[in-house]
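In: Requesting a structural model of the entry that follows:
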Amino acid sequence: MIGLARLDNDLAGWLDRTLVVPGVLPPERFEEAFVAIVTSGAPDPEEAWLAFYRNTLDALRGEPEPGGTNAELKPVHERAEELAVGSVLELGSCFGFLALRLAQAGHEVTATDLVPGTVGLLDRMAPRLGLAVDTVVADARHVPLPDGHADTVFAVHLLEHLPAEEGKAVLAEAIRLARRRVVVAVPFEQLPNETWGHVTTFDAGALHRLGEETGLPFEVSEHHGGWLVVDR
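Out: Reported below is the predicted structural model:
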């Protein structure tokens, strides 16, 4: 059993480095192993998840361990917070760390993800953390929310998980849902990271082409990966 104080999102990177990369754990068993380790942290799995959330949010706001997953996410989330305008909708929110960060910053936040279990976990943890986040189970290509639902729509580290054409559909849906701004962030990789479920790689040129297809004003930049910002 891992102690509650050590439960945070760096566990994902540790599993990848020590078990997946050496071939001990197949990538398709990664999620199962991750959940099993987190929930072994306390007799009540909900208390283990709460510690996981608190520790991760503290690390992302503070000084995460160098080389860990939190250290990789911290500058991405900081940049995303800088780009947030008004109310926020996050597509593909996963655990919801960015959504919670933006709620902490005072934004009205809606988080969506395709996986009901992940959405349910965020829905349970947010109030225990004293934060308000609306949650919706949704495919990012077809979100059951009205046009212009939020001022800023985020797709942060989402498009690399999708085939290229599906990524374009997500961007089109994000534009439909945004009143003011769409923010896309992706890692720049030579090969897709199988452990994290990546299937598409990006560089600055690929983001420029995506932006051009929107027909709207856009900017592409690089900050711990690539960023596409489309302003309506």
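
In: So for residue 5, what's the pLDDT?
Out: With respect to pLDDT, residue 5 scores 84.

In: Could you do residue 205 as well?
Out: Taken from the predicted model, the pLDDT recorded for residue 205 is 97.

In: Pretty sure it sits in a helix.
Out: Yes - judged by DSSP: H, G, I helix; E, B strand; the rest coil, residue 205 forms part of a helix.

In: Contact partners for residue 183?
Out: Contacts were defined as C-beta atoms under 8 Å, 6 or more residues apart in numbering; by that measure residue 183 touches 80, 83, 84, 152, 153, 154, 155, 156, 227, 228, 229. Placement of C-beta: from N, CA and C, glycine included.

In: quick one: it from residue 149, how far?
Out: In this structure, residue 183 lies at 15 Å from residue 149, with C-beta to C-beta, to the nearest Å as the measure.

In: Leaving out sequence neighbours, find the closest residue to residue 96.
Out: On the basis of C-beta to C-beta, 6 or more residues apart in numbering, the spatially nearest residue to residue 96 that is not a chain neighbour turns out to be residue 122, at 3.8 Å.

In: The one you found contacts residue 93, doesn't it?
Out: Yes - in this structure, residue 122 sits in contact with residue 93. The criterion is C-beta atoms under 8 Å, and the distance is 6.9 Å.

In: how deep is the residue nearest to residue 96 tucked in, by neighbour count?
Out: Residue 122 is flanked by 24 other residues according to other C-beta atoms under 10 Å.

In: That one: which element?
Out: Assigned by DSSP states H and E, residue 122 falls within helix 116-128.

In: got it, and residue 219?
Out: With the criterion set as DSSP H and E, the secondary-structure element containing residue 219 is strand 218-222.

In: and that strand, how far out from the chain's middle?
Out: In terms of C-alpha atoms, centre = their mean, to the nearest Å, the centre of strand 218-222 is set 19 Å apart from its chain centre.

In: Quick one: list the elements packing against that strand.
Out: When contacts are defined as 3 or more C-beta pairs under 8 Å, 6 or more residues apart in numbering; DSSP states H and E, strand 218-222 sits against helix 204-214, strand 226-231.

In: All set, thanks.
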